[in-house]
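>>> okay, structure incoming, though there's no sequence with it:
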């Protein structure tokens, strides 16, 4: 039977699938639009099943902030190649996932996938559909939500969208400028905690053990070992704790000094680096 260009375009607009695949689906369905949509969805599910074991470590980190800046969401959506990560269809999918995480704040990935993607199907169904359209494994790897009762949630996404940060800041100062600087610091220097008190005892003991062994191997006298170990631990904090790190935009001060001058404090942060 004859399939009109208008029917093919209508199916493409509805599914996002290429024109030739839409034409084939309409022919196979004898021109039945709904049956053609179902055929394309089944094709997407088959492609998703075939590519389930593939590695998908490229993609995007996307953030969203509520209008009142009390809530923020961060998601990582993966694909197999950087080429697909720059695809409009993939970018729209990732943006919609971030919107839904912010709006619905699901408790886990399964709950997120059960949410509606649009009026016709769920996020899980769209995941199979976009995999069929693009032909690569697409996966939602993780997400987080930060809420703040008295503070402000800000985000920073590094150009290329492979690295993103959510940060909660409080204070009466310039929370936006200082908070953005702190978020950029987190992105650049990857601290493990805001304050040294937040570093686990296990981590601190491990660092002290390493420092002690190194000092003994260097033949340092026993009576100076404790001072050396404490010095090494302080240096570890300066390198890995946000408030003690040197401020990347002004190495003459620490991040804590910068925030004190701005009248701002950092409560917590979430950092996503693509594939890590």
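Perfect, I can see it now. Everything numeric in this text was worked out from a predicted model, so none of it was measured.

>>> use CA for all of it now, contacts and neighbours both
Noted.

>>> I'd say residue 265 and residue 172 touch.
No. Look at residue 265 against residue 172 with C-alpha atoms under 8 Å: they stay out of range, at 9.3 Å.

>>> so which of the two has more stuff around it?
residue 265 (23 against 10; other C-alpha atoms under 10 Å).

>>> ramachandran angles for that one?
Phi and psi for residue 265, reported as degrees, to the nearest 10, are phi -130, psi 150.

>>> residues contacting it?
Taking C-alpha atoms under 8 Å, 6 or more residues apart in numbering as the contact definition, residue 265 lies against 169, 170, 171, 259.

>>> now for the third one, how many residues are close by?
The burial metric for residue 171, expressed as a neighbour count using other C-alpha under 10 Å, is 16.

>>> which parts of the chain are strands?
Taking DSSP state E as the criterion, the chain contains strands spanning 58-65, 71-79, 139-147, 152-157, 163-171, 246-247, 250-254, 264-273.

>>> out of those strands, nearest to residue 112?
Closest to residue 112 of the strands of the chain is strand 139-147 (C-alpha to C-alpha; 9.4 Å).

>>> partners of the closest one, with directions?
Sheet pairing here is set by DSSP bridges, and for strand 139-147 it gives strand 71-79 (antiparallel).

>>> now the angle from the partner strand to strand 163-171?
Going by axes from the mean of the first three to the mean of the last three C-alpha atoms, to 10 degrees, strand 71-79 is angled at 170 degrees with respect to strand 163-171.

>>> adding mean pLDDT, write the strands of the chain out as a markdown table.
Listed next are the strands of the chain as a markdown table, based on pLDDT from 0 to 100:
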| stretch | mean pLDDT |
| --- | --- |
| strand 58-65 | 97 |
| strand 71-79 | 97 |
| strand 139-147 | 96 |
| strand 152-157 | 98 |
| strand 163-171 | 97 |
| strand 246-247 | 97 |
| strand 250-254 | 96 |
| strand 264-273 | 97 |
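
>>> fine, thanks again, bye for now.
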